[in-house]
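Student: My questions are about this predicted structure, shown below with the sequence.
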Amino acid sequence: MNTQDDASSVKTAAAARRNRKPLWVFLAIVGGGLAIGGTLRAVEAAGQAKALPDLLGKAQPAVPAGALQVKDLESDPKGFKGSILVRGVVAKVSPQDPKLVGLIDSREARVCRDLNCANYYLPTRVDRTDLRPWDEVDVRGTMTEDARMVYLKTDKIVNLGSIKK
């Protein structure tokens, strides 16, 4: 063997060792993340951590299994077929028709602390007139279209109460 081959193999071995270290660091981070995620899922499955606090410490009601947030409907509200369950906050009530309300995403309402800051309002036709701005609701219904708009026509509403501080 000549000196050039020895120098080349030493450089190759050193490069391989340098490249292995980031791989081990990456694997350790991913493994730790999976362990933490598994623990969180186990705690959630055991029912110990169903709700997360909002920015000011008040516990948010857990979203029912299979429920959507208002933001989930923003890109294609007509694409949702059949009965759906949506969590939102009443942001607007139509002055002409008190059974037509605009819902915004609950998470957005909590962070923004203003009912006028939302990027998307979900028109919702309800069968009651006692809903007020800031009421958080779980609404079951179907997406419906008429000549004027696409809206959520409700079958059932559960009022979770006001999120206003």
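Tutor: All right, it came through fine. Predicted model only: the values in this text are computed from it and were never measured. Numbers count the residues shown, from 1 in each chain.
Student: quick one: average pLDDT of the lengthiest strand in the chain?
Tutor: For the chain, the longest strand by residue count, based on DSSP state E, is strand 150-162. The pLDDT scores in strand 150-162 average 94.
Student: Kindly report the same for stretch 94-104.
Tutor: The pLDDT scores in stretch 94-104 average 93.
Student: That one spans what distance, first to last residue?
Tutor: For stretch 94-104, the separation between the terminal residues is 14 Å (CA to CA, to the nearest Å).
Student: what about residue 121, distance to residue 94?
Tutor: The gap separating residue 121 from residue 94 is 11 Å, by CB to CB, to the nearest Å. No exception for glycine: its C-beta is placed from N, CA and C like everyone else's.
Student: if I look at these two, which residues touch both of them?
Tutor: By the contact definition CB atoms under 8 Å, 6 or more residues apart in numbering, residue 121 and residue 94 are jointly contacted by residue 102.
Student: where does this structure dip in pLDDT?
Tutor: 1-60, 165 (pLDDT under 70).
Student: Next up, the contacts around the closest residue to residue 132 other than its chain neighbours.
Tutor: Distances taken as CB to CB, 6 or more residues apart in numbering place residue 90 nearest to residue 132, at 6.5 Å, with adjacent residues excluded. When contacts are counted by CB under 8 Å, 6+ apart, residue 90 touches 101-103, 131-137.
Student: ok, the residues you listed vs residue 113, which is closest?
Tutor: Using CB to CB, residue 134 is the member of these that sits closest to residue 113, with 10.1 Å.
Student: just checking, that closest one touches residue 159?
Tutor: No - the criterion here is CB atoms under 8 Å, and residue 134 misses it with residue 159 at 11.0 Å.
Student: Distance of residue 90 relative to residue 82?
Tutor: Distance, residue 90 to residue 82, using CB to CB: 24 Å.
Student: Check residue 101 too.
Tutor: Counting by CB to CB, the gap from residue 101 to residue 82 is 22 Å.
Student: So those two - more neighbours on which side?
Tutor: Taking other CB atoms under 10 Å, residue 101 and residue 82 do not tie; residue 101 has more neighbours (30 against 6).
Student: quick one: contacts of the host helix or strand of the more buried one?
Tutor: Per DSSP states H and E, residue 101 falls inside strand 100-104. The contact list for strand 100-104, computed with CB under 8 Å, 6+ apart, reads 70, 86, 88-94, 115, 118, 120-126, 131, 137, 139, 151-152.
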